[in-house]
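**Q** Any chance you could fold what I've pasted below:
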Amino acid sequence: MEQTFKSVARKWGNSLGVVIPLNVIQKENLKENTEVTLKIVKKPPFEELFGSMKFKRPVKEIVRELKKECDINYGR
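**A** As a prediction, this is how the structure comes out:
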């Protein structure tokens, strides 16, 4: 069976380890020494994501609207 979950690789001696959440362990009936296969999918850096999303409206219009909504007069 296939289960998808997110985890963070952590230092474990000279290696890295990944913790499998309890609900996945129970659902898959995993025991110690059970062989599993991991698929590594790294999160892309923010710089790669910037500009890759498509919006229904131009970004400049959205930013202008946000600025207008957040424009607070502090007595100036």
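**Q** Where does pLDDT dip in the protein?
**A** Along the chain, segments meeting pLDDT under 70 span 46-53, 55, 72-76.
**Q** May I ask you to name the longest helix in it?
**A** When the chain is parsed with DSSP state H, its longest helix is helix 59-70.
**Q** Can you work out which other helices and strands pack against it?
**A** Contacts defined by 3 or more CB pairs under 8 Å, 6 or more residues apart in numbering; DSSP states H and E place helix 59-70 against no helix or strand at all. For every residue, glycine as well, the C-beta is placed using N, CA and C.
**Q** In this structure residue 24 contacts residue 5, no?
**A** Yes - taking CB atoms under 8 Å as the definition, residue 24 is a contact partner of residue 5 at 5.4 Å.
**Q** how many neighbours does residue 62 have?
**A** Per other CB atoms under 10 Å, the neighbour tally for residue 62 reads 12.
**Q** thinking again about what came up before, comparing residue 24 and residue 5, which residue is more hemmed in?
**A** Between residue 24 and residue 5, residue 24 has the larger neighbour count (other CB under 10 Å), namely 15 against 10.
**Q** any idea whether that one is helix, strand or coil?
**A** With DSSP: H, G, I helix; E, B strand; the rest coil as the basis, residue 24 sits in helix.
**Q** what's near enough to touch it?
**A** By CB atoms under 8 Å, 6 or more residues apart in numbering, the residues touching residue 24 are 3, 5, 30.
**Q** which of those residues lies closest to residue 64?
**A** Nearest to residue 64, judged by CB to CB, of the contacts of residue 24 is residue 5 at 39.5 Å.
**Q** so the closest one is in which element?
**A** Taking DSSP states H and E as the definition, residue 5 sits outside all helices and strands.
**Q** Is it correct that it is in contact with residue 18?
**A** No - taking CB under 8 Å as the definition, residue 5 is not a contact partner of residue 18, at 9.6 Å.
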